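Peer 1: please find the sequence and the predicted model below.
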Amino acid sequence: MHNKRIALVTGANQGIGLQIAKDLVAHGFTVLIGSRNLERGEAAAKEVGPDACALQLDVTDQASIAAAAARIRSELGRLDVLVNNAAISHTGRLPGMSGEEFAKSTLPSNVSLDELRAVFETNVFGVVAVTQAMLPLLREAPEARIVNVSSGAGSLTRNSDSAFPLRSIFGPVYPASKTALNAMTLAMAIELESAGIKVNAVSPGFTKTNLNNYAGTQTVEEGARAPVRLALLGADGPTGTFSGMDGAIPW
Ligand code: NAP
């Protein structure tokens with residue numbers, strides 16, 4: 001029986017996920033570094049230290065997800081925390097294209113359905129697929145937690161306010177994928193409440209990472225803070241919430 005708490009962070013080979021992994025190790029966890037590229041996962045695990053271990057996991061590949069769950073079952077027997085962090089903002093913005101220019105090429109009227117499907121495959125269906133595969137392992141833990149890393153960009157309440165400054169970049173691809181992820185989060189929280197599994201959505205805030213060509217204003221240490229808080233929730237903590245560094249975010 002493994003006596004440390006065990007966490008799996010998807011997409012933990014870089015960015016906010018890597019920092020979440022470092023912080024959870026500092027809180028006494030054994031952390032599985034989910035990475036679609038095993039070598040990059042191994043390099044990240046080495047950087048985190050002996051309590052981290054790489055796990056090949058592509059959230060869009062059912063065989064990879066099943067193999068990851070089988071390995072956790074046979075080597076560790078349970079999972080205490082699942083952080084669904086892996087995401088993409090697009091499948092390949094042209095070099096030199098600004099976020100605003102990209103947003104104009106992905107309006108509801110002109111967005112490529114292939115682009116839309118690919119982003120939803122990772123950011124929404126990937127989260128559901130990984131969660132379904134890991135649920136039997138989470139049910140073995142006494143106080144399991146699921147953290148879905150979302151974005152304030154997905155808030156329908158904020159974006160329906162004509163005074164919201166980022167409203168012009170609300171679009172059907174990345175922002176709407178996070179809106180859909182929020183809906184999945186609430187549905188999961190409702191189903192799993194009676195099992196004592198808390199499921200929350202969290203926005204890390206605008207953080208300097210590969211996702212935004214390092215244009216973010218926060219460090220990864222700052223970006224990891226809110227997701228880690230939700231991973232560590234005690235028995236009296238909330239479920240079915242959407243929050244960020246500064247507290248609740250409207251859905
Ligand atoms: P990042 O540095 O680009 O990291 C994203 C991670 O997801 C990478 O490890 C990437 O793997 C992985 N990934 C992508 N597709 C995957 C797949 N199919 N299977 C497994 N892993 C996959 O971005 P980040 O900023 O740290 O993003 C982390 C989370 O924060 C995301 O959910 C993002 O939406 C959210 N977020 C970020 C910001 C921000 O300002 N940065 C703001 C709001 C929300 P590879 O290295 O192989 O590409």
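Peer 2: Everything's here; your move.
Peer 1: and the closest residue in space to residue 47 that isn't next to it in sequence, how close does it get to residue 205?
Peer 2: Leaving out its chain neighbours, the residue that sits closest to residue 47 by Cβ to Cβ, 6 or more residues apart in numbering is residue 18, at 7.5 Å. For every residue, glycine as well, the C-beta is placed using N, CA and C. To residue 205, residue 18 is 16 Å away according to Cβ to Cβ, to the nearest Å.
Peer 1: residue contacts, the residue nearest to residue 47?
Peer 2: By Cβ atoms under 8 Å, 6 or more residues apart in numbering, the residues touching residue 18 are 12, 33, 44, 47, 48, 220.
Peer 1: over to it: give its phi and psi.
Peer 2: Main-chain torsions, residue 18, degrees, to the nearest 10: phi -60, psi -40.
Peer 1: got phi/psi on residue 101?
Peer 2: Dihedral angles (degrees, to the nearest 10) for residue 101: phi -60, psi -40.
Peer 1: can you report how many residues lie near it?
Peer 2: 11 (other Cβ atoms under 10 Å).
Peer 1: where does the stretch 51-200 of the chain dip in pLDDT?
Peer 2: For the stretch 51-200 of the chain, the stretches flagged by pLDDT under 70 are 93-94.
Peer 1: residues from it in reach of the ligand?
Peer 2: Contact residues, the stretch 51-200 of the chain versus the ligand (Cβ under 6 Å from any ligand atom): 57, 58, 59, 60, 85, 86, 87, 88, 122, 126, 149, 151.
Peer 1: which of these fall within helices?
Peer 2: residue 126 (DSSP state H).
Peer 1: take the residues of the stretch 51-200 of the chain next to the ligand and keep only those in strands.
Peer 2: When DSSP state E is applied, those are split such that residue 149 fall in strands.
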